[in-house]
Structures are given as structure tokens and as C-alpha cells.
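*Asks:* A structural model of the following input is requested.
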Amino acid sequence: MRNRQGWRQGTLTRAETIADDVRLLEFAVEGALPRFDPGSHSNFKVALGEGQAIRTYSCLPAPAGHISVAVKHHENSRGGSRFMWGLDVGSTVELTLPENRFELAWRAPYYLLIAGGIGITPIYGMALALQRRGVPFRLAYGGRTRSVMAFVDRLEAELGSAVAVHAGDAGGRIDVEAEIAALPPNGELYVCGPIDMLNAVKAAWLAAGRPLGRLRYEVFGDSGLYAEAPFSVEVQGLGRSVAVRPDQTLLDALLGAGIDMIYDCQRGECGLCAVDIVAHDGAIDHRDVFFSAEEKHEGNRMCACVSRFASGKAVIDVGYRG
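*Replies:* Residues are numbered from 1 along each chain as shown. A predicted model of the protein is given here:
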């Protein structure tokens, strides 16, 4: 299922803490819920103060008619995880039918799955689906400590030697280069995790001479080098200054100020919302996977949907021409 933005009402029927700061939430969805594949995600309307925003969460395997998500409570949350963690059984939310931009191709004879932290959420269903179909795969799963790694016990019990767990407090670390080297030439790699992990995997993949068409990744926009802080931007050509709150993306702030923007994925993947950076006095916190490392170093453009300035003021160009 792809690009289907049908909003439904969901009623929370199950809430369970499954790892440190990770909560499983299961919603009964109003109306018929079509089948969806691993890698799918749903959008949720969340209340932020007096306003409302949309947050995206990967869908887990769930009973018929239900959508399940696992939400990590972020200390520097933009507000989405606080809202989701504040829900009680019986609470209702508005959510979309699942759509999939991170789907398994089902064309490769072998798969390598890599997950970091809460990035296990889309990878979890993929691993179980591959196992059910008897497709060879390997899952490398890393986290700061074993206690923060959701589903780790079940994955080890069900997947056996197909999963390798790397807990940082036990000295574990995923050897990305070795994992890629062991992958057969026509194999595919699917990865989800923090931005530094995605960058490392992408660099290792290219260094190994692997085709980009066989690397798939998903990013979550709260994975940055800096804690969220307020900043402001002046929009060149419009003579307008827009303040961006810590719990708000630059894209949301611009749209809220009535500035027209082109955008799609809101995940730092498509680049449609990219703006030109004319001047800035704070560090740029690139959180996308659209721009190359060289382009991020140049600091001329940024994806407004996930990337932000660490602080201060900036002048940006959104492409407006009067």
C-alpha cells in the first residue's frame, strides 16, 4: 500500500512497555483495514500545546483490524513521543491507513538487515516475514544496552543464528564492513537507525562497490547531532522572520507561517522540501539521507522537514520569486 492518506479513528486497546523507554501501542482501527506489508508506516495526529502536528511511526505485525507501533520516549522529544506515551487504553487518536516506502523487494536471494535502537521497528516485521517465506537473511541489531533493545528476546528465540545482537554496554558493535563483505553479490541491504549509522552503512556500501539500487534505508527525523533548541529564519524575498520551536520542524514552522512549500516524504529522503541557506550563525544539524556528505559539509542546502539549525538565526531561500 503506498501514498494512501485515508484518516481513520483508532482506539488504544493495548499499551505495554517492552524495553527501557519503549512502549508498544496497539490501536483498533475504525472501518476495514487493508493488509499491509513490513516496512509500512502510519501518520498520527498529536497534540502539541495548543496546536497539532503529524508524527510518523512504523507499523508492527498486529492482529487483524489493528495497527501497532513502538514509540521511544525521547528526552529531547519534539512532542510526539510525550503525546503517545500519555495515551491510556481507551484513548482515541486520528491515524492514517498504512503506506509503504520501505518495502521488501522480494527479488533478492539473500538479505542483510541492520537495525540500530528503535530502528528495529520496521526491520522486525521484515525479519519475521523473511523467516516465514524461507528466504535466507541475516539481522544485525545494535543498541546502547540490551535493556533498550525492543523485541530482542523474541528475535533471538525465533531467529536463532540468523540474528546477531550487539549491545554497547557488553562491548558489542556492528562491524558494518564485515557484514557487507559477507553479503552475496546479488544480496540486498535494508537498514534503519540513527543518522550516524545510516551514513556509516551508506559509506561502507559505496566503498565496497555495491550498487545503490540494492541498498534501502529509512531514517527518523529526531536523530541529530544536537539537542532540539529554538532558532529563527528570515525568508529571503518575503522579508519575513519565522521562529522555530524545539518541538517543531522548520517545514512545519514555515507552513504555519503561511509560506508555501513543496514537500512529500517528511522523512529527509526525497529532498523536495530542501531550502537554500544564504547565511547562518548557528551550526547546521543535517538529519536527512538525501544530501551527500560533501553537500552537507558545504552547508548550502538543507531538508526543512527534518534538518534544523542548532541555535541562532539564519537566512534561507525557499525559491520564492515575486
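*Asks:* what helices or strands is the longest strand seen in the chain leaning on?
*Replies:* The single longest strand within the chain, with elements called by DSSP state E, is strand 7-19. In terms of contacts (3 or more CB pairs under 8 Å, 6 or more residues apart in numbering; DSSP states H and E), strand 7-19 is packed against strand 22-29, strand 66-72, strand 92-96. C-beta here means a position set from N, CA and C on the backbone, and glycine is covered the same way.
*Asks:* Now render those strands as JSON lines, adding distance to residue 251, mean neighbour count and mean pLDDT.
*Replies:* Below are these laid out as JSON lines (distance: least, CB to CB, whole Å; neighbours: other CB atoms under 10 Å; pLDDT from 0 to 100):
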{"stretch": "strand 22-29", "distance to residue 251": "25", "mean neighbour count": "20", "mean pLDDT": "98"}
{"stretch": "strand 66-72", "distance to residue 251": "21", "mean neighbour count": "22", "mean pLDDT": "97"}
{"stretch": "strand 92-96", "distance to residue 251": "18", "mean neighbour count": "18", "mean pLDDT": "97"}
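*Asks:* wait, which of those strands is closest to residue 268?
*Replies:* strand 66-72 (17.6 Å; CB to CB).
*Asks:* Can you spell out which helices and strands pack onto that closest one?
*Replies:* Secondary-structure packing of strand 66-72 (3+ CB pairs under 8 Å, 6+ apart): strand 7-19, strand 22-29, strand 40-48, strand 51-58, helix 80-85.
*Asks:* Any idea which of these gets closest to residue 141?
*Replies:* Using CB to CB, the nearest of the helices and strands packed on strand 66-72 to residue 141 is strand 7-19, at 11.9 Å.
*Asks:* contact partners of that closest one?
*Replies:* By CB atoms under 8 Å, 6 or more residues apart in numbering, the residues outside strand 7-19 that reach it are 23-31, 33, 45, 66-68, 70, 87-97, 147-152.
*Asks:* in it, what counts as buried?
*Replies:* The neighbour-count check on strand 7-19 (16 or more other CB atoms under 10 Å) flags 8, 10, 12, 15, 19 as buried.
*Asks:* same check, this time on stretch 105-123
*Replies:* Buried, per 16+ other CB under 10 Å, within stretch 105-123: 108, 110-123.
*Asks:* Which stretches in the stretch 51-200 of the chain count as strands?
*Replies:* With DSSP state E, counting those that start in this stretch as the criterion, the stretch 51-200 of the chain has strands at 51-58, 66-72, 92-96, 99-100, 111-116, 137-143, 163-167, 188-192.
*Asks:* Just the C-alphas of stretch 293-305, formatted as CSV.
*Replies:* Only the C-alpha atoms of stretch 293-305 are listed here, as CSV (Å, rounded to 0.1, in the frame of the first residue of the first chain):
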residue,chain,number,x,y,z
ALA,A,293,28.4,14.1,3.0
GLU,A,294,30.1,16.6,0.7
GLU,A,295,26.9,18.6,0.2
LYS,A,296,26.3,18.6,4.0
HIS,A,297,29.8,19.8,4.5
GLU,A,298,29.3,22.7,2.0
GLY,A,299,26.3,23.8,4.0
ASN,A,300,24.4,25.4,1.1
ARG,A,301,21.1,23.5,1.4
MET,A,302,19.1,21.6,4.0
CYS,A,303,15.9,19.5,4.1
ALA,A,304,13.4,21.5,6.0
CYS,A,305,11.3,18.5,7.1
